[in-house]
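Chemist: What would the 3D arrangement of this be:
(one chain, ligands or ions: 1)
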Amino acid sequence: MILSIEELSIAGRERTIVDNVSLAVREGEFMALVGQSGSGKSLLSQAIGQLLPPNLHAAGRILFEGSNLLERKPKEMRALRGSRISYIFQDYQGAFTPFRSIGAHFNEYQKIHGEKSSTVRRNRAAEALESVGLDPILLRRYPFQLSGGQLQRASIALSLLLSPRLLIADEATTALDSVSAHRVLELLARKQKETGCAILFITHDWRHVRRYANRLSVMQEGRIVESGGKHRILDHPQHEYTRKLIEAAPILGRSLRSGIEEETR
Ligand SMILES: Nc1ncnc2c1ncn2[C@@H]1O[C@H](COP(=O)(O)OP(=O)(O)OP(=O)(O)O)[C@@H](O)[C@H]1O
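Modeler: Numbers count the residues shown, from 1 in each chain. Purely as a prediction, here's the structure:
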């Protein structure tokens, strides 16, 4: 296991929002986390990197590379985020400061994480952009000069720059049109194969689960109600809530829902 969340609860002053959740992500796998709006998926993913809003508190264990992240100091977490654990958010614009060039972001990111040679930083930034299908010339541009799809690809390049072992993608494609979303997902899947990093993928879109996930967990009102292999859950959901979610996704109605037939044909 690269990540093992054990009995995690997240609470504010008034209520417990995530309740005694356990979830594991294996080395190199594409793990999807699904569930209706407000079920606690984002907060769970934020707790992993100690990114919870200050009014919320997490209890339990989040084991990553042998230690409990909930016990790590803020300084240690800053070093870990970006290098060992990376995030891609729905709000990819938020990943970039408006009046700094794309290149300045790549430069700063590497400096913070200790790369001293400016030549190495420059070369690595250019390679990173190329690896996500973008022209390195974009390093000289400003965020507002890129399209949404280009910016999200640039933010993925930034997230993967230091070869993290775990990438957390929280609705990373929700704000994109369907062609750009498809491209970004294909890119993520390819990068995952190339780098061997595990992906925790939070989504509402069952088409993406069906196409990319190895395993998935289903969350309802702060609890995980079902976890397992993609084919098992899509074809034989055990929990009533999972069944309802799948039925509400019309695109999955044809033949076996997990796409087993398509894939083995
Ligand atoms: N800072 C906060 N203080 C109190 N409650 C919060 C806070 N942030 C979020 N919540 C509540 O916690 C619940 C879970 O929120 P969360 O964003 O994790 O849901 P989600 O499953 O990711 O939803 P979505 O799919 O819409 O992003 C929601 O009811 C939300 O209103």
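Chemist: which residue ranges form the helices in the stretch 101-250 of the chain?
Modeler: In the stretch 101-250 of the chain, the helices defined using DSSP state H, counting those that start in this stretch lie at 102-112, 118-131, 148-160, 178-195, 206-212, 230-235, 240-247.
Chemist: any idea which of the ones you listed is most buried?
Modeler: Highest mean neighbour count among the helices of the stretch 101-250 of the chain (mean count of other CB atoms under 10 Å): helix 148-160, with a mean of 23. (Each C-beta comes from the backbone N, C-alpha and C, glycine too.)
Chemist: on contacts alone, who are the packing partners of that one?
Modeler: Packing contacts for helix 148-160, counted by 3 or more CB pairs under 8 Å, 6 or more residues apart in numbering; DSSP states H and E, involve strand 85-89, helix 102-112, helix 118-131, helix 178-195.
Chemist: returning to what we had before: how about the helices of the stretch 101-250 of the chain, which one is nearest residue 93?
Modeler: helix 148-160 (6.5 Å; CB to CB).
Chemist: Next, count neighbours for the closest residue to residue 196 other than its chain neighbours.
Modeler: Nearest non-adjacent residue to residue 196, counting by CB to CB, 6 or more residues apart in numbering: residue 28, 4.7 Å away. Counted with other CB atoms under 10 Å, residues neighbouring residue 28 total 15.
Chemist: quick one: residue 28 from the ligand, how far?
Modeler: 25 Å (CB to the nearest ligand atom, to the nearest Å).
Chemist: Let me know the pLDDT of that residue.
Modeler: Listed pLDDT for residue 28 reads 94.
Chemist: Please tell me the pLDDT value assigned to the residue in the stretch 51-200 of the chain that the ligand sits nearest to.
Modeler: Here the stretch 51-200 of the chain gets closest to the ligand at one residue, residue 53, 3.6 Å apart by CB to the nearest ligand atom. For residue 53, the pLDDT comes out at 96.
Chemist: Assumed it was part of a helix.
Modeler: No. Counting by DSSP: H, G, I helix; E, B strand; the rest coil, residue 53 is not found in a helix; it is coil.
Chemist: Just put the helices of the stretch 101-250 of the chain in CSV and tack on distance to residue 11.
Modeler: CSV is the format used below for the helices of the stretch 101-250 of the chain (distance: least, CB to CB, whole Å):
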stretch, distance to residue 11
helix 102-112, 32
helix 118-131, 39
helix 148-160, 29
helix 178-195, 32
helix 206-212, 28
helix 230-235, 28
helix 240-247, 22
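Chemist: any chance of the ones you listed in TSV, plus distance to the ligand?
Modeler: Below are the helices of the stretch 101-250 of the chain laid out as TSV (distance: least, CB to the nearest ligand atom, whole Å):
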stretch	distance to the ligand
helix 102-112	25
helix 118-131	28
helix 148-160	17
helix 178-195	16
helix 206-212	14
helix 230-235	18
helix 240-247	12
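Chemist: Which one of those has the poorest average confidence?
Modeler: helix 178-195 (a mean of 86).
Chemist: Show me what that one is packed against.
Modeler: helix 148-160, strand 166-170, strand 198-202, helix 206-212.
Chemist: thinking again about what came up before, not counting its neighbours along the chain, what's nearest the residue of the stretch 51-200 of the chain closest to the ligand?
Modeler: residue 46 (7.9 Å).
Chemist: any idea of the pLDDT on the one you found?
Modeler: You'll see residue 46 listed with a pLDDT of 96.
Chemist: Next, see if the strand or helix carrying it gets close to the ligand.
Modeler: Here residue 46, judged by DSSP states H and E, is contained in helix 41-48. Yes. Using CB under 6 Å from any ligand atom, helix 41-48 reaches the ligand at 41-43.
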